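**Q** below: sequence and its predicted model.
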Amino acid sequence: MPDIRTGQVQANGVDFHFLETGSGPLVLCMHGFPDNPETYQYLMPVLADAGYRVVAPYQRGYAPTGPAPDGRYDSALLGLDVVALIDQLGSGKAAAVIGHDWGGFATYAAAAFAPEKIAKIISIAIAHPAALFGKLGLNYEVIKGGWHAYFFQMPGAEHAVANNDYEFLEKWWRDASPEYDIPADIIESVRATFRQEGTLEAAINYYRHTFNPAGRDPKLAELNEKIMAPTTVPCLAFHGTRDRPGRLEAFENMDKLYANTLEKVVIEGTGHFMHLERPNDVNGRILAFLSA
């Protein structure tokens, strides 16, 4: 099995730390909430064995990656981070980008901003951003499935999440992947990430700076509009049937938001962390897509 190395690089004004393995064409793996790069523990060795250089960063604000220098965590900035990471880590050739949850949002944003730098994208457990925003606030099931995005707008949400050593995060995982017997070491890894100073506040600001109009940076409005445009690079998109309410419906009705190849994979019985729940099924489809 390939060794997992650690590294760091400056990109888009942020000091990024990352896990890395393998050599060859760059595959960037972006994690979501509430998570860290270890979410790709089953995928990274498989891609390395297949001849890829796999880099999984801690996203901005997720320690040991540094905080945003200006305190901003808008989704457009996540996409700019991906583009800058490709510039810093890549060989000048187009990279593949894989994103789960917020990492998927970052992936779609990067594909909108710099499609010439991205050969293919893979999203896990997230619909195209325009499909999500099209229903956000209008569809009861989507509201119910994304309740935390609303709760995180409240002052003091950080205290509720941190209570009893981040019990909130474990319960959130169990709601999001109800058929997954979550290994204790995975939950402990997530808790350890959120115990680091500044991580919780940054993670909640992802929601405050994207989903709350009052929290958005008006200077990023044009970029935010670009994210909603049809994706022009080939995409493989995964979703589970046991994720939270409303999300699969958005996923199933997003086809018109792709101007290039879209391959959709729905895996029965999986929830939000499907790449950990059924790694063999997910990894095999990813390898086939990247090599095609």
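**A** Received it, and whenever you're ready, just let me know what you need. Numbering: from 1, shown residues only.
**Q** output the lowest mean pLDDT helix or strand found in the chain.
**A** Every helix and strand of the chain was ranked by mean pLDDT, DSSP states H and E. The lowest is helix 129-135, at a mean of 85.
**Q** beyond that helix, next helix or strand please.
**A** Following helix 129-135 in sequence order, the next helix or strand is helix 140-145 (DSSP states H and E).
**Q** which is the next helix or strand following that following helix?
**A** Downstream of helix 140-145 (by DSSP H and E), the next one is helix 147-151.
**Q** what is the next helix or strand along the chain from that next one packed up against?
**A** Proceeding N to C from helix 147-151, the next assigned helix or strand is helix 157-176, under DSSP H and E. Under the contact criterion of 3 or more C-beta pairs under 8 Å, 6 or more residues apart in numbering; DSSP states H and E, helix 157-176 touches helix 147-151, helix 184-195, helix 199-208. To be clear about C-beta, it is placed using only N, CA and C from the backbone, and glycine gets the same treatment.
**Q** which residues are contacting the shortest one?
**A** Right, helix 147-151. 143, 157, 160, 172, 207, 211 (C-beta atoms under 8 Å, 6 or more residues apart in numbering).
**Q** buried residues in it, which are they?
**A** For helix 147-151, burial by neighbour count (16 or more other C-beta atoms under 10 Å) applies to 148-149.
**Q** still on that earlier bit, determine how far the least confident helix or strand of the chain lies from the middle of the whole chain.
**A** 16 Å (C-alpha atoms, centre = their mean, to the nearest Å).
**Q** can you pull the alpha-carbon coordinates of that helix into PDB?
**A** Extracted in PDB, the C-alpha atoms of helix 129-135 (Å, rounded to 0.1, in the frame of the first residue of the first chain):
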ATOM      1  CA  PRO A 129     -25.100  24.000  -6.700                       C
ATOM      2  CA  ALA A 130     -27.700  25.500  -9.000                       C
ATOM      3  CA  ALA A 131     -30.000  22.500  -8.300                       C
ATOM      4  CA  LEU A 132     -29.600  23.000  -4.600                       C
ATOM      5  CA  PHE A 133     -30.100  26.700  -4.600                       C
ATOM      6  CA  GLY A 134     -33.100  26.400  -7.000                       C
ATOM      7  CA  LYS A 135     -35.000  24.600  -4.200                       C
END
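**Q** figure out which of the helices and strands packed on helix 157-176 is closest to R5.
**A** With C-beta to C-beta, the closest approach to R5 among those belongs to helix 184-195: 17.5 Å.
**Q** other SSEs contacting that closest one?
**A** helix 157-176, helix 199-208.
**Q** reformat the ones you listed as a markdown table; add distance to A288 and mean neighbour count.
**A** Listed next are the helices and strands packed on helix 184-195 as a markdown table, based on distance: least, C-beta to C-beta, whole Å; neighbours: other C-beta atoms under 10 Å:
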| stretch | distance to A288 | mean neighbour count |
| --- | --- | --- |
| helix 157-176 | 26 | 16 |
| helix 199-208 | 31 | 21 |
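**Q** adding mean pLDDT and distance to T39, write those helices out as JSON lines.
**A** Listed next are the helices and strands packed on helix 184-195 as JSON lines, based on pLDDT from 0 to 100; distance: least, C-beta to C-beta, whole Å:
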{"stretch": "helix 157-176", "mean pLDDT": "97", "distance to T39": "11"}
{"stretch": "helix 199-208", "mean pLDDT": "98", "distance to T39": "14"}
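**Q** turn these into a markdown table, columns for distance to S291.
**A** Shown next, in a markdown table, are those (distance: least, C-beta to C-beta, whole Å):
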| stretch | distance to S291 |
| --- | --- |
| helix 157-176 | 30 |
| helix 199-208 | 33 |
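**Q** now the helices: where do they sit in this structure?
**A** 43-49, 75-89, 102-113, 129-135, 140-145, 147-151, 157-176, 184-195, 199-208, 221-227, 247-252, 274-277, 279-291 (DSSP state H).
**Q** against L257, how distant is L132?
**A** Distance of L132 to L257, given as C-beta to C-beta, to the nearest Å: 10 Å.
**Q** out of the helices and strands packed on helix 157-176, which is closest to Y52?
**A** Closest approach to Y52 among the helices and strands packed on helix 157-176 (C-beta to C-beta): helix 184-195, 23.3 Å.
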